[in-house]
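*Asks:* return atomic coordinates for the entry below.
(one chain, ligands or ions: 1)
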Amino acid sequence: MNGIKLRGTGSCLPSRILTNGDLARRVDTTDEWITTRTGIRERRVCTGETHSGLCTAAARTALKRAGVTPGEVGVCIVATMTADAVIPSAACTLQKTLGLPADTLCFDLNAACSGFLYALHTMECLLAAAPRKFGLVVGCDVLSRVVDWSDRSTCILFGDGAGAAVVEWRAAWPSIGAVLGCHGNTELLYCPGPGSRDDPYLSMEGQKVFKFALEAVPWCMDRVLERHGLTAEDVDVFVFHQANARIIDLVAKKYRIPAEKYYKNIECRGNTSAASIPIALSELEAAGRLPDGSRALLVGFGGGLTWGGALIEIGRNV
Ligand code: UT7
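*Replies:* Numbering: from 1, shown residues only. Model prediction:
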C-alpha cells in the first residue's frame, strides 16, 4: 500500500484547426483515406501558441479543478519530446509560470507517446519522499514542429496539445500498479535530437508500429488487471493512447468493452503523443464521466518502442 489518486485534470489545445481537406491540398491524400485508415478528421496545430503556454494553461485548469494551490505541489513532471527548449526543461518553465515552491522537483521525461504513463509511475514513486503530497503530471507535445509536412504517411496523424493531472499520494492508498516497458527499438519510430545530423523530422514505419500496438495494449491491460485482481468489467472507463481509431476499436471489441466505457477523441484531436491520455481524461472529467471513486484504466504505447498501463482511482473528495 501507498499510492496516488487522481484529483483533477485540465487540457489546452491550440486554436488553429487543420482539417483533412487542408492536408489534401498539401500532400497526395484524401479525406476518405485518412478517415478510413485512422479515424482522424481534424487536428489542432500551434501557430502563435508555445509549448510552455499550453502546459501552463492545462496545469492551471487541473489545479483549479483539483482545488489545489501551486504552493501545495511537491513534484512536477512534464512528459514531452517537443519542449520549447532543452534547457530549461518544460517543468522548470512551469515552475516559474505557476509559481511552484523552490523545493519542488521539476523535470521532463521522454517516453514518447507512453510518456504520461511513465510520468504517473515516476510521480507515485517520488511523492512518497516529497515535501508535499500533491503532484502535477503534464503531457504536452507540439509534434507539428517535427513533422515532415511533405510526408503524407506521417503528417496526417499528429496534432498538438497539452493535458495535465493533479494527483495526491497517501500511505494508505493502493498503488496504481503501473506496468511499463521498452523494446529498445531505434528504427520504427525515429525523431532526431538537436545533436543529430539527420533530417530534423519524425519518421515511422506505420504498419509495424500498428502491429506492436495491437500486442502491447492487451498485454498491458491483462497485467494491470491481474495486479489489481480485477476483470475488465470492474473498470469504469478505459483510456487508450489515441493513435488510430482502428487500434482502439479492435481492443474494445476483443474485451467486449461497451461504447460508454471507453473514450475516443482522435476524430478531432489526432495523435497528440504524450498529451493524448491526459487530454482524454480532462475531457472525460469535463463531461462528468470521472465520478469520485471511479476507476480508469490507462494504456499508452509509442516510440522506443515503449508501453505503459496503470489503473488510477478518482479521489476528489477525500
Ligand atoms: O503514437 C505512436 C504510435 N503510432 C501508431 O500507433 C501508428 C500506428 N500505425 C497506423 O496507425 C497506420 O499504420 C497508419 C495510419 C500510419 C497507416 O495506415 P496503414 O493502413 O498501415 O497504411 P500503410 O502504411 O500500409 O499504407 C498503405 C498505402 C500505401 O500505398 P501502397 O504502397 O499500398 O501503394 C501508402 O503509400 O497507403 C499509402 N498511404 C497513403 N495514401 C493516401 C500512406 N499514407 C497515405 C495518405 N494518403 N496519407
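*Asks:* every contact and neighbour count from this point should use C-alpha atoms.
*Replies:* OK.
*Asks:* from the stretch 1-150 of the chain, which residue is nearest to the ligand?
*Replies:* With C-alpha to the nearest ligand atom, the shortest gap between the stretch 1-150 of the chain and the ligand falls at Thr29, namely 3.7 Å.
*Asks:* go ahead and confirm that residue touches Thr154.
*Replies:* No. Applying C-alpha atoms under 8 Å, one finds Thr29 not in contact with Thr154, separated by 11.3 Å.
*Asks:* does the residue of the stretch 1-150 of the chain closest to the ligand sit in a helix, a strand or a coil?
*Replies:* Secondary structure assignment for Thr29 (DSSP: H, G, I helix; E, B strand; the rest coil): coil.
*Asks:* next, it: phi, psi?
*Replies:* The phi/psi pair for Thr29 (degrees, to the nearest 10) reads phi -150, psi 180.
*Asks:* please apply the same query to Glu42.
*Replies:* Dihedral angles of Glu42 (phi, psi; degrees, to the nearest 10) stand at phi -160, psi 160.
*Asks:* change the start of the numbering to 12 and stick with it
*Replies:* Sure, I'll start numbering at 12, so the last one becomes Glu53.
*Asks:* now it: closest residue in space, sequence neighbours ignored.
*Replies:* Thr30 (4.2 Å; C-alpha to C-alpha, 6 or more residues apart in numbering).
*Asks:* likewise for Leu111?
*Replies:* Nearest to Leu111 is Pro81, by C-alpha to C-alpha, 6+ apart, at 5.2 Å.
*Asks:* follow-up on the earlier one: what distance do you get for the residue nearest to Glu53 to Gly299?
*Replies:* Counting by C-alpha to C-alpha, to the nearest Å, the gap from Thr30 to Gly299 is 28 Å.
*Asks:* more neighbours, those two?
*Replies:* A count of neighbours by other C-alpha atoms under 10 Å puts Thr30 above the other of Thr30 and Gly299, at 16 against 10.
*Asks:* which ones are touching Ile258?
*Replies:* By C-alpha atoms under 8 Å, 6 or more residues apart in numbering, the residues touching Ile258 are Phe221, Ala224, Leu225.
*Asks:* and which of those residues is nearest to the ligand?
*Replies:* Using C-alpha to the nearest ligand atom, Phe221 is the member of the contacts of Ile258 that lies nearest the ligand, at 3.8 Å.
*Asks:* contacts only, for the closest one.
*Replies:* Phe221 makes contact with Ile258, according to C-alpha under 8 Å, 6+ apart.
*Asks:* and it, its phi and psi?
*Replies:* Main-chain torsions, Phe221, degrees, to the nearest 10: phi -60, psi -50.
*Asks:* quick check: Val89 is in a strand.
*Replies:* Yes. Val89: assigned to a strand according to three-state DSSP.
*Asks:* count of residues packed around it?
*Replies:* Counted with other C-alpha under 10 Å, residues neighbouring Val89 total 31.
*Asks:* quick check: it touching Asp152?
*Replies:* No. Counting by C-alpha under 8 Å, Val89 stays clear of Asp152, with 9.9 Å between them.
*Asks:* flag every residue of the stretch 12-161 of the chain that's near the ligand.
*Replies:* Contact residues, the stretch 12-161 of the chain versus the ligand (C-alpha under 6 Å from any ligand atom): Thr40, Thr41, Trp44, Ile45, Arg48, Thr49, Cys124.
*Asks:* switch to 8 Å and redo it
*Replies:* Within the stretch 12-161 of the chain, the positions near the ligand by C-alpha under 8 Å from any ligand atom are Val38, Asp39, Thr40, Thr41, Trp44, Ile45, Arg48, Thr49, Ala123, Cys124.
*Asks:* which of these are buried, as a ChimeraX select command?
*Replies:* The ChimeraX selection below is limited to those of those classed as buried (16 or more other C-alpha atoms under 10 Å):
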select :40,45,49,123,124
